[in-house]
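Chemist: Here's a sequence, model it:
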Amino acid sequence: MFANWKSAVYEYAHRRNRLEIDGEAGELASMVRDDRFVRKLEGRLRRLQASRKARRAEPLRSETGLKIANADHADREAVVELEFRRSTEYGQLGQTFREERMERERVTVTKNGNQWIITGVEPVMGERRSVSAPVPPFSLAESEDEAAMDARLPSVPYLNYRVLPSVTVEPMHRHASYDRAKARRYAEKWWNGTNPQYMQFEVDCTNFVSQCLFAGGAPMNYTGKRESGWWYQGKDGSRELWSFSWAVAHSLQSYLSSSKGGLRSEQVDSPHRLAIGDVICYDWDGNGRFQHNTIVTGFDAVGMPLVSAHTTDSHARYWDYRDSYAWTPNTRYRFFHIADYF
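Modeler: Just a heads-up that it's a prediction; the model follows:
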């Protein structure tokens, strides 16, 4: 079908781009011999089309940039790591919106006779942690006395001076407001990049949300213990100096559910009640284990949240993630409205 593996990959990317508009996975059948992936993609596209119909959102155009991140190829097979940057424009009730995301796939291309065909596609689903990965422990505080102290002194942050090099003196106790516009600007700047002043994690969604909250003025609660507080220092040699709640999805959800001082939030029952800079947590399997977090950075024409996230880097993505390979019918959400003052 194709004279070399690169031609097969580029044609695959071209057809995948068209799918974002017409939603017909069948046109891949002639070049992709991986029935399991095609079925998975068909399910994702059906959910996407149903979501668009319910929202009265009409896709207008799609652009896909392709980068070959890595290629391990021999005479008759190539295993290629692909990075797609997708930009999809859609209309809704007279308004136009643009959603962007970065997606990764591992594609196997095999030579059959004189032609190359795609024999395997594996989406890299960073939005879902491995089911065997342990959930780190988390506790809000060591004792009732510590919790009471946090409530009395809600505005004392631990500051990472490498992130804020202009700060040379630790601040006095003060009350601070949450600057939602700053949190959004930070998310818009770094949704598809890494701030070099922070570590990057393989599963980076919660680290990114924490950075956005901190950029908006949320004070760190430094305890020096990874299982408590909400704080970040980076690394000291091989030692990782950050709380689980800073970078682990389930732990941040636990912290937001229970914190009484510093960074606080109210759990609300509907995405309609969220504002810019609020947080959504995702339990893909409905088993109480949260595996992904996003931050609200906009709203569509009917007032539903659009979010930004890392891992599958996304900007202005519709909040429910029904177009994600990680989504299941058992998916449950928690919605956190961040306090206006700390």
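
Chemist: Ser51: how many residues sit nearby?
Modeler: 15 (other CB atoms under 10 Å). Just so you know, the C-beta spots here come from the backbone N, C-alpha and C atoms, and that holds for glycine as well.

Chemist: As a check, name the ranges of all strands in the stretch 101-250 of the chain.
Modeler: With strands called from DSSP state E, counting those that start in this stretch, the stretch 101-250 of the chain shows them at 115-123, 232-236, 239-242.

Chemist: For Thr108, find the nearest of these.
Modeler: strand 115-123 (3.6 Å; CB to CB).

Chemist: tell me the average confidence for the closest one?
Modeler: In this model, strand 115-123 has an average pLDDT of 94.

Chemist: And the contacts of it?
Modeler: 1-5, 7-9, 12, 31-34, 37, 40, 103-110, 325 (CB atoms under 8 Å, 6 or more residues apart in numbering).

Chemist: Next: stretch 177-190.
Modeler: Against stretch 177-190 from outside (CB under 8 Å, 6+ apart): 208, 211-213, 215-218, 275-277, 295, 297-298, 308, 315, 338-342.

Chemist: Can you go through the residues you listed and name the buried ones?
Modeler: For these, a neighbour count by 16 or more other CB atoms under 10 Å gives the buried set as 208, 211-213, 215-218, 276-277, 295, 297-298, 308, 315, 338-339, 342.

Chemist: Find the residue ranges of this structure scoring beneath the pLDDT cut-off.
Modeler: Scanning the chain with the threshold set as pLDDT under 70 gives 1, 125-126, 129-174.

Chemist: which residues of the protein fall in helices?
Modeler: With DSSP state H as the criterion, the chain has helices at 5-22, 35-55, 144-152, 180-190, 205-215, 244-247, 249-258.

Chemist: May I see the buried residues of stretch 296-310?
Modeler: 296-300, 304-310.

Chemist: List just the nearest of those to Gly237.
Modeler: Among these, and counting by CB to CB, the member closest to Gly237 is His310, at 25.4 Å.

Chemist: ok, the closest one touching Asn207?
Modeler: Yes: at 7.1 Å, His310 and Asn207 qualify as touching, with contact defined as CB atoms under 8 Å.

Chemist: For the closest residue to Glu63 other than its chain neighbours, grab the count of nearby residues.
Modeler: Leaving aside its sequence neighbours, Glu63 sits nearest to Ser87 (CB to CB, 6 or more residues apart in numbering; 4.7 Å). Ser87 is flanked by 17 other residues according to other CB under 10 Å.

Chemist: picking that back up, most packed of the strands of the stretch 101-250 of the chain?
Modeler: Compared across these, strand 115-123 shows the largest average neighbour count, a mean of 18 (mean count of other CB atoms under 10 Å).

Chemist: Out of the strands of the stretch 101-250 of the chain, which is closest to Tyr333?
Modeler: strand 115-123 (21.6 Å).
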